[in-house]
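[1] Based on what follows, work out the 3D shape:
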Amino acid sequence: MVFESENMKVAAVIPCFKVTEFVKDLIDGIGPEVDQIYAVDDACPDGSGKFIQENVNDKRVTVLFLKENQGVGGAVLTGLNAAYEAGMDIGVKLDGDGQMDPALIKRFIRPIREGRADYTKGNRFYNPEDLREMPKGRLIGNAVLSFVSKFSTGYWNSFDPTNGYIALNLHVLPYLNTAKIAKRYFFETDLLFRAGLVKAKVLDIPMFALYADEVSNLHFHKEAWPFMKGNTKNFFKRIIYNYFLRDFSVATLELLVGSVAMIFGIVYGLVKIGGPVAASAGTVMMAALPILSGITLLVGFLNYDIQQTPKDALGSRLLDKE
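    Numbering: from 1, shown residues only. Just a heads-up that it's a prediction; the model follows:
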């Protein structure tokens, strides 16, 4: 089944926190392909929501106010839920600081309208020339987190997981257990993890980010540990859900036997070879063989896991149930 694109209503969600300098220009740049705009004032000390009400005349705009600061994730989920309840079909998230070009919205929603994806996200790493504008700290941090997130989310064909330019088929939203999604800077990666659990298809959209005079609220050196902790936790959750609770396959055996063999080989080698007395060839082989066998089995598991990356969109099937 392919969606009737003209019938899918699009909502833009803009989390607002200290963005009064940029948000009006952002909203003014949103084209007619968007039916509703939800600006979510995340208990902004600068009064972003009130500023929008007083300075933006676009009739599509609805301002939502949060009594307490919930972080970017909490604000976005508030907007997405409001859009879903209002009958919108696609939700597009744009940061209010002007880094995301609203002219790209058509590019993000097209695969969802055509039934080729449930979730689209920006990828700033497609064109090396565009990376020259990215601050070096962000470039290195995003590259590291992108690699780690492949393990935690299971989306091996996706990169730049912290990219906040996303579009979601809102008919998938009720299946994502949004109450458990991280509300702050781990939001985008955690949303990917939840999408992976329901086998939603994710598609990267090449883009470039606009870096002007805005000040980012994300400080990588402060968030690195929470990101690594969150990714590690999600990795083990994903493995348990997909390979022990939902299914038990040859890949599960590869993971179990490979892990045990590798750990045994390493521990045995440290105990027998690490002493002052030179180890015999047989002792070395007793350590090396389990390690090599374990690596072989784990590579086999990894190959299987990569092949399980969702390839079909859920959207049409979910619509059929409604």
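
[2] okay, CA-based contacts and neighbour counts for the rest of this
    OK.

[3] what residues are up against G269?
    Residues near G269 by Cα atoms under 8 Å, 6 or more residues apart in numbering: T283, V284, M286, A287, A288.

[4] check which helix or strand covers it.
    helix 250-273 (DSSP states H and E).

[5] Burial check on L104, number of neighbours?
    17 (other Cα atoms under 10 Å).

[6] Oh, that last question was meant for F17, not what I typed.
    F17: 25 neighbours (other Cα under 10 Å).

[7] thought it was touching C44?
    Yes. Judged on Cα atoms under 8 Å, F17 makes contact with C44 at a distance of 4.8 Å.

[8] what ranges do the helices span in this protein?
    23-28, 48-55, 71-85, 105-113, 136-153, 187-197, 220-240, 250-273, 281-307, 315-321 (DSSP state H).

[9] Which of the ones you listed sits closest to L173?
    helix 71-85 (8.0 Å; Cα to Cα).

[10] Give me the contact list for that closest one.
    In contact with helix 71-85 (Cα under 8 Å, 6+ apart) are residues 11, 13-16, 36, 38-42, 64, 66, 91, 93, 170-171, 178, 181-188.

[11] Looking at that helix now, give me its mean pLDDT.
    Average pLDDT, helix 71-85: 96.

[12] and R194, how far is that from V34?
    26 Å (Cα to Cα, to the nearest Å).

[13] Comparing the two, which residue is more hemmed in?
    Using other Cα under 10 Å as the criterion, R194 and V34 rank with R194 on top: 21 against 18.

[14] where's that one relative to I109, distance?
    For R194 relative to I109 (Cα to Cα), the value is 20 Å.

[15] Then K272?
    59 Å.

[16] Compare those two and say which one has the larger neighbour count.
    Shown here are K272 and I109; by other Cα under 10 Å, I109 has more neighbours (27 against 17).

[17] Now that one. Nearest residue, chain neighbours left out?
    A167 (6.5 Å; Cα to Cα, 6 or more residues apart in numbering).

[18] tell me the pLDDT at that neighbour?
    98.

[19] residues near it, how many?
    A167 has 30 nearby residues by other Cα under 10 Å.

[20] Which strand residues bridge it?
    When bridges are called by DSSP bridges, A167 pairs up with V92, T120.

[21] how about it, what does it touch?
    Contacts of A167 (Cα under 8 Å, 6+ apart): I90, G91, V92, K93, F108, I109, Y119, T120, K121.

[22] could you dump the residues you listed to TSV with pLDDT and distance to N234?
    Output for the contacts of A167, formatted as TSV (pLDDT from 0 to 100; distance: Cα to Cα, whole Å):
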residue	pLDDT	distance to N234
I90	97	26
G91	98	24
V92	98	24
K93	97	23
F108	97	26
I109	97	27
Y119	97	19
T120	97	21
K121	96	20
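
[23] check contacts around K201.
    K201 sits in contact with R116, A117, D118, Y119, A195, P310, K311, D312, A313, L314, where contact means Cα under 8 Å, 6+ apart.

[24] one more time with 6 Å, if that's ok
    Going by Cα atoms under 6 Å, 6 or more residues apart in numbering, K201 touches A117, D118, P310, K311, D312, A313.

[25] F147 versus that one, what's the distance?
    19 Å.

[26] cool, and A103?
    29 Å.

[27] Just want to know which of the two has more residues nearby.
    Each of A103 and F147 has its neighbours counted (other Cα under 10 Å); F147 has more, 15 against 12.

[28] excluding its backbone neighbours, what's nearest the more buried one?
    Nearest non-adjacent residue to F147 (Cα to Cα, 6+ apart): F159, at 7.5 Å.

[29] Tell me both backbone torsions, phi and psi, for the one you found.
    For F159, the backbone dihedrals (degrees, to the nearest 10) come out as phi -140, psi 170.

[30] re the thing from before, which of the contacts of G269 count as buried?
    V284, M286, A287, A288 (16 or more other Cα atoms under 10 Å).

[31] Can you convert these into TSV and add a column each for pLDDT and distance to R246?
    Formatted as TSV, those follow (pLDDT from 0 to 100; distance: Cα to Cα, whole Å):
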residue	pLDDT	distance to R246
V284	84	39
M286	89	35
A287	89	34
A288	93	34
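
[32] between these, which is closest to E54?
    Of the buried ones among the contacts of G269, the one sitting nearest to E54 (Cα to Cα) turns out to be A288, at 70.5 Å.

[33] tell me the pLDDT at the closest residue in space to the closest one that isn't next to it in sequence?
    What sits nearest to A288 in space, not counting adjacent residues and going by Cα to Cα, 6+ apart, is G265, at 6.3 Å. pLDDT for G265: 94.
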